[in-house]
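Undergrad: Take a look and give me a structure for this.
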Amino acid sequence: MWVPVGVWVGMRPGVAQIVQPVAQFLAAFPANLLFPVAVFGIVTFSLRPDIWLSPLMILGTQWYILFNVIAGASLMPSELRNAAQNFQVGGWLWWRRVALPAVLPYYVTGAITASGGSWNASIVAELASWGDMRVEAHGLGAYIADATAAGDFHGIVLGVATMSVFVVVINRLFWRPLYYYAERKFRLG
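TA: Numbering: from 1, shown residues only. Okay, the predicted model is just below:
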């Protein structure tokens, strides 16, 4: 969803000057302020926390993708846009041959940052409580939060070490090759 929005905003400098500060404010907005609403909704409608706590993670990380796509679209050379316009390249062809290649390296950078942020956000988002109501997902973040609440130092170290290994392996095997591919194949400058 953020790619078309980011491209649209990035290609309009006046709109970008308005949207960027709003997006920066929303990125800084602490997701845990929404925990009462999330907990109330999950308990009231008997929803599965494993699924319905995920939007709290996404809320804090999606902005990295938007910022980077806006940056990529705003740095798209005007010559490229003018050539596409002169050759009447539009619709899906414009997206496939102009916009997506131009923003892909920026999108990947934003996705890498969002992925890293979501690992940290999972610690907070997988365990939400408000008053007497408590909902908990079954994931590594909830494990770390439970170990922290119990004062289990060894459990905390095990959880954080496991998360660190996951992050390093995913970065090495997935994000790094994807980033190098995007940089090599779609670099405009």
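Undergrad: Now do stretch 140-153: distance to the chain's middle.
TA: How far stretch 140-153 lies from its chain's middle: 24 Å, per C-alpha atoms, centre = their mean, to the nearest Å.
Undergrad: Pull the residues that contact it.
TA: 119, 121-127, 136, 155-156, 158-160, 162-163, 166 (C-beta atoms under 8 Å, 6 or more residues apart in numbering). From N, CA and C alone the C-beta is placed, and that goes for glycine too.
Undergrad: again, but for stretch 171-178
TA: 108, 111, 112, 115.
Undergrad: residue contacts, the first one?
TA: By that I understand residue 108. Residue 108 sits next to 175, 178, 179, 182 when contact means C-beta under 8 Å, 6+ apart.
Undergrad: Quickly find the element holding residue 165.
TA: Per DSSP states H and E: residue 165 is located in helix 153-170.
Undergrad: likewise residue 65?
TA: Assigned by DSSP H and E, residue 65 belongs to helix 54-74.
Undergrad: What residues sit buried inside the helix or strand bottoming out on mean pLDDT in the chain?
TA: The weakest-scoring helix or strand in the chain, judged by mean pLDDT, DSSP states H and E, is strand 127-130 (a mean of 75). For strand 127-130, burial by neighbour count (16 or more other C-beta atoms under 10 Å) applies to 127, 128.
Undergrad: What strands flank that strand, and is each parallel or antiparallel?
TA: On the basis of DSSP bridges, the sheet neighbours of strand 127-130 come out as strand 133-136 (antiparallel).
Undergrad: Right, I'll leave it there.
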